[in-house]
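In: fold the following, please.
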Amino acid sequence: MDKRLAFNEDAPNYDRARPTYPAQLFSDVLDYAGITAESRLLEIGIGTGQATLPFLQAGCRITAVELGQDLAAFTRAKYVSFANLDVVNLDFARFDGPDASFDLVYSATAFHWIPPETSYPQVMRLLKPGAAVALFWNHPFVGDDDPIHIATQDCYAMFYEGDRKKNAAFSEQDCCQHIAALERYGFTDMVAKLYRRTRQLSADDYIALLNTYSDHRLLLPERKQALLQGIHAVIERLGGTLTIHDTIDLYLARKPA
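Out: The predicted model follows:
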């Protein structure tokens, strides 16, 4: 299975478990891009709309491209009261919107799924001269010295298959890489911003979150079940709550006027 389609398998749980983004981030994007009710926006990888509502409430017209058919259908229904949203079920690489037609193109924790040699030129083509792109991600981290994190490593050692993404605090060096990519593909006026927060998740909430991660979803069913049951038991045994530290990184840039 294409890893990108793993998110499509359980849209309601994805909507419940995945966090939204800080209000200040949306304010910063709207201010930088100069968005008004007359603006046209494009969202890449809308998922279930965790990053969509503040832009809808600004009154602008949004076209959202989403690869997952069930995710697209879920989000259409979720925001059915907003006439200013059009969700297109399509791979962004195949989206043939008119050249120079959008005032802002943005993507929340999705842009990395598209090869850069496709994604950046496509965004550049779709933006109006002088218009903005906003790319942002959420990086959750559980402290290496957290007793729950330490105890769950035995579960992963027994049941996880393949290489696993390392639990690591966000490195600000990543900001430089994203800014360099924007510059390499011809964007200007780059800005990077970081936002931080802490979440407390119950055992049930954390398992629901893990069920939205593509690498966990693609495990063999019996291994996934054993892994998640083991992690749930560890959290319950060690107090019932897991602390997650989020770093959200935002990159803003413009198409040359």
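In: select the helix or strand of the chain having the lowest average pLDDT value.
Out: helix 214-217 (a mean of 86; mean pLDDT, DSSP states H and E).
In: any buried residues in that one, and which?
Out: 216-217 (16 or more other C-beta atoms under 10 Å). C-beta coordinates here come from the backbone N, C-alpha and C atoms, glycine included.
In: I'd like the distance from that helix to the chain centre, please.
Out: 15 Å (C-alpha atoms, centre = their mean, to the nearest Å).
In: give me the pLDDT value at the nearest residue to Ile235 once chain neighbours are set aside.
Out: Spatially, and ignoring its direct neighbours in sequence, Ile235 is nearest to Ala203 (3.9 Å; C-beta to C-beta, 6 or more residues apart in numbering). Note for Ala203: predicted pLDDT of 97.
In: pretty sure Ala203 sits against Glu236.
Out: Yes: applying C-beta atoms under 8 Å as the test, Ala203 and Glu236 come out as touching, 5.1 Å apart.
In: show me where the stretch 51-200 of the chain has helices.
Out: 53-57, 69-78, 116-126, 147-159, 173-184 (DSSP state H, counting those that start in this stretch).
In: how about the ones you listed, which one is nearest Pro12?
Out: In terms of C-beta to C-beta, the element of the helices of the stretch 51-200 of the chain nearest to Pro12 is helix 69-78, at 7.0 Å.
In: buried residues in the closest one?
Out: Neighbour count says helix 69-78 has 70-72, 74-76, 78 buried, by 16+ other C-beta under 10 Å.
In: same check on stretch 39-47?
Out: Quick answer for stretch 39-47 (16+ other C-beta under 10 Å): 39-47.
In: and the spatially most central residue of the chain, what's its pLDDT?
Out: Centroid-nearest residue in the chain, with C-alpha atoms, centre = their mean: Thr109, separated by 2.1 Å. pLDDT for Thr109: 95.
In: surely it is in contact with His139?
Out: No: checked against C-beta under 8 Å, the pair Thr109 and His139 is beyond contact range at 9.1 Å.
In: what is in contact with the two at once?
Out: Counting by C-beta atoms under 8 Å, 6 or more residues apart in numbering, Thr109 and His139 have no shared contacts at all.
In: hmm, back to that, Ala203 and Glu236: who's more crowded?
Out: Neighbour count, other C-beta atoms under 10 Å: between Ala203 and Glu236, Ala203 has more, with 21 against 13.
In: mind listing what that one touches?
Out: Ala203 touches 231-232, 235-236, 240, 242, counting by C-beta under 8 Å, 6+ apart.
In: in helices, which of those appear?
Out: 231-232, 235-236 (DSSP state H).
In: widest-spaced pair of these?
Out: Pairwise over those, using C-beta to C-beta, the maximum falls at Ile231 and Glu236, 9.8 Å.
In: where does pLDDT dip in the stretch 151-257 of the chain?
Out: Along the stretch 151-257 of the chain, segments meeting pLDDT under 70 span 167.
In: tell me the mean pLDDT for stretch 18-36?
Out: Computed over stretch 18-36, the mean pLDDT rounds to 97.
In: tell me the buried residues in that stretch?
Out: Across stretch 18-36, burial judged by 16+ other C-beta under 10 Å covers 18-19, 21-22, 25-26, 28-30, 32-33, 35.
In: tell me how far that stretch is from the chain's mean position?
Out: 14 Å.
In: distance of the residue lying closest to Ile114 once chain neighbours are set aside from Tyr251?
Out: Among residues not flanking Ile114 along the chain, Phe92 sits closest, at 5.7 Å (C-beta to C-beta, 6+ apart). According to C-beta to C-beta, to the nearest Å, Phe92 and Tyr251 sit 17 Å apart.
In: these two: which has the busier surroundings?
Out: Neighbour totals were compared for Phe92 and Tyr251, and Phe92 leads with 23 against 20 (other C-beta under 10 Å).
In: isn't the more buried one up against Thr63?
Out: No: judged on C-beta under 8 Å, Phe92 makes no contact with Thr63 at a distance of 11.2 Å.
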